[in-house]
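1. This is the structure alone, sequence omitted:
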C-alpha cells in the first residue's frame with residue numbers, strides 16, 4: 001500500500017481550494033459557488049481523520065456558532081446564510097492546510113506569482129483601459145483584483161516571517177506597481193504601506209537602519225510630492241478625491257441604527273434599509289457592515305477584539321499585517337465571510353502557533 005506524505009496532502013488540499021477560489025472570482029455564478037462548497041465538504045471529510053480533537057472542535061464550533069448567529073439575526077434567507085458560513089469554513093480549512101505545509105514561504109510565493117502573472121497579462125490585454133480592467137473578474141471589479149493581490153502579498157509575508165526568512169521586497173514592489181496600473185486609491189495606499197514590511201520585520205535588530213531608511217524615503221516623497229500627486233490625480237481614482245460613494249453607503253447604513261436596539265445588536269437587512277447600497281446590487285462596499293448585517297454586533301465585536309489579543313502576545317508584525325487586512329476590508333466587500341478570509345485565518349493560526357513564539361525569541 002502506497003503511503004502519501006502528509007506535506008503533499010496539505011499542498012494538494014491548499015492548491016485545490018485556491019484553484020476553486022480563483023475560479024469563483026474569475027468565472028463567478030452559482031456553479032463556482034457550488035464548486036467551493038463541494039470541494040470544502042469533500043476535503044473536510046478527508047482531513048478530519050488526521051485533525052487533532054481541539055482543531056476539529058474549534059472548526060465545528062465556528063461553523064455552528066456563526067450559522068446559528070446568522071439564523072437568529074434573520075436578515076437574509078437561511079440558504080444564503082449557510083453558503084456564507086461555508087465560505088468561512090472553506091477559508092479556515094485552507095488556512096489550516098497551508099499552515100501545515102513544510103515550506104510555506106515557497107508555496108505562498110508560487111501562489112502569488114501565478115496570480116501576479118495573471119494580473120499582468122490581463123492589464124496588458126486591457127490596454128490599461130479602466131472599464132476593461134473592471135471585467136477581469138466576473139465576481140468583482142478592478143478593486144477586487146488589486147485586493148486579492150494585496151492579500152496574497154500578505155500571505156507571502158506571513159509565510160516568510162514564520163519561517164524566519166528575509167522578506168521578499170520584490171513581491172511588495174510588484175504589488176505596488178500593479179495596484180497603480182489598476183487605478184485604485186486604497187490598493188495604492190496599502191501596497192505602498194506594505195513596502196515597509198521588509199524593514200518592519202527587522203525593526204528590533206536594525207532600528208537605526210529602519211529609522212534612517214524611513215527618513216530618507218519620507219524626504220524623497222516630500223521633495224517630489226507635487227509630481228506624485230499630479231501623477232496619482234491624473235492616472236488613478238485619486239482624481240475623485242478622498243470622498244467616495246463608500247462614505248455615503250456607511251452613513252446610510254448607520255443612520256438611525258441607535259434608535260433600534262434590535263437592529264444594533266442583530267444588524268439590518270441592507271435591501272430594506274439602504275437604497276444606495278441596493279443601487280450597487282446590495283454591496284455596501286464594507287466588510288464590517290456586511291458582517292454586522294449578516295451576523296449582528298457579536299461577530300463585529302469578536303473580530304475587533306483580535307488585534308488586542310495580538311497586542312497581548314506582542315505579535316507586532318502580525319498585528320501590522322492584520323491591520324492592513326482590516327483597512328482593506330473596510331473599503332470593500334471582501335471578508336466576514338468570503339473565500340478570501342483564508343489569509344486572515346492563516347495569519348491568526350500562525351500568530352498563535354508555537355513556531356511564532358520561537359521566531360520572536362530569535363529576533
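-> Received it, and whenever you're ready, just let me know what you need. Predicted, not measured: the structure shown is a model, and the values here were computed from it.

2. Residue nearest the middle of this structure, spatially speaking?
-> residue 151 (4.8 Å; Cα atoms, centre = their mean).

3. in terms of contact, does it touch residue 340 like I think?
-> Yes: the pair residue 151 / residue 340 is scored as a contact, 5.8 Å apart, by Cβ atoms under 8 Å. Yep, even glycine has a C-beta here, placed from its N, CA and C like the rest.

4. Name the residues contacting each of those two.
-> Shared contacts of residue 151 and residue 340, defined by Cβ atoms under 8 Å, 6 or more residues apart in numbering, are found at residue 334.

5. need the helices for the stretch 251-363 of the chain, in chain order.
-> All helices of the stretch 251-363 of the chain, identified by DSSP state H, counting those that start in this stretch, fall at 261-266, 270-273, 275-279, 287-295, 297-312, 316-330, 342-351, 354-362.

6. no wait, the stretch 1-150 of the chain
-> 6-27, 29-47, 53-73, 78-99, 104-126, 130-133, 142-162.

7. would you list these in JSON lines and tack on distance to residue 185?
-> Shown next, in JSON lines, are the helices of the stretch 1-150 of the chain (distance: least, Cβ to Cβ, whole Å):
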{"stretch": "helix 6-27", "distance to residue 185": "21"}
{"stretch": "helix 29-47", "distance to residue 185": "28"}
{"stretch": "helix 53-73", "distance to residue 185": "31"}
{"stretch": "helix 78-99", "distance to residue 185": "26"}
{"stretch": "helix 104-126", "distance to residue 185": "17"}
{"stretch": "helix 130-133", "distance to residue 185": "13"}
{"stretch": "helix 142-162", "distance to residue 185": "9"}
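
8. Okay, now the unreliable bits of the stretch 1-150 of the chain?
-> Low-confidence segments of the stretch 1-150 of the chain, defined by pLDDT under 70: 1-4.

9. would CSV of the helices of the stretch 251-363 of the chain with distance to residue 146 and mean neighbour count be doable?
-> Below are these laid out as CSV (distance: least, Cβ to Cβ, whole Å; neighbours: other Cβ atoms under 10 Å):
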stretch, distance to residue 146, mean neighbour count
helix 261-266, 33, 15
helix 270-273, 24, 16
helix 275-279, 22, 14
helix 287-295, 15, 25
helix 297-312, 22, 14
helix 316-330, 9, 20
helix 342-351, 14, 24
helix 354-362, 28, 12
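
10. Determine which of those helices approaches residue 147 most closely.
-> helix 316-330 (5.7 Å; Cβ to Cβ).

11. I'd like to know which elements that closest one is packed against.
-> Contacts defined by 3 or more Cβ pairs under 8 Å, 6 or more residues apart in numbering; DSSP states H and E place helix 316-330 against helix 142-162, helix 185-194, helix 197-200, helix 287-295, helix 297-312, helix 342-351.

12. Pull the residues that contact it.
-> With Cβ under 8 Å, 6+ apart as the contact definition, helix 316-330 has outside contacts at 147, 150-151, 154, 157-158, 161, 186, 190, 193-194, 197, 200-201, 203, 286-288, 306-307, 310-311, 334-336, 343-344, 347-348, 350-351, 356.

13. ok, now which ones touch the nearest residue to residue 39 once chain neighbours are set aside?
-> Nearest non-adjacent residue to residue 39, counting by Cβ to Cβ, 6 or more residues apart in numbering: residue 20, 4.7 Å away. Neighbouring residues of residue 20 by Cβ under 8 Å, 6+ apart: 32, 35, 36, 39, 90, 339.

14. repeat for residue 306
-> Contacts of residue 306 (Cβ under 8 Å, 6+ apart): 322, 348.

15. what about 10 Å?
-> For residue 306, the contact set (Cβ atoms under 10 Å, 6 or more residues apart in numbering) comprises 319, 322, 326, 344, 347, 348, 351.

16. Any chance of a markdown table for the residues you listed, columns pLDDT and distance to residue 72?
-> Putting the contacts of residue 306 into a markdown table (pLDDT from 0 to 100; distance: Cβ to Cβ, whole Å) gives the following:
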| residue | pLDDT | distance to residue 72 |
| --- | --- | --- |
| 319 | 89 | 31 |
| 322 | 93 | 28 |
| 326 | 92 | 25 |
| 344 | 95 | 24 |
| 347 | 94 | 28 |
| 348 | 92 | 25 |
| 351 | 90 | 30 |
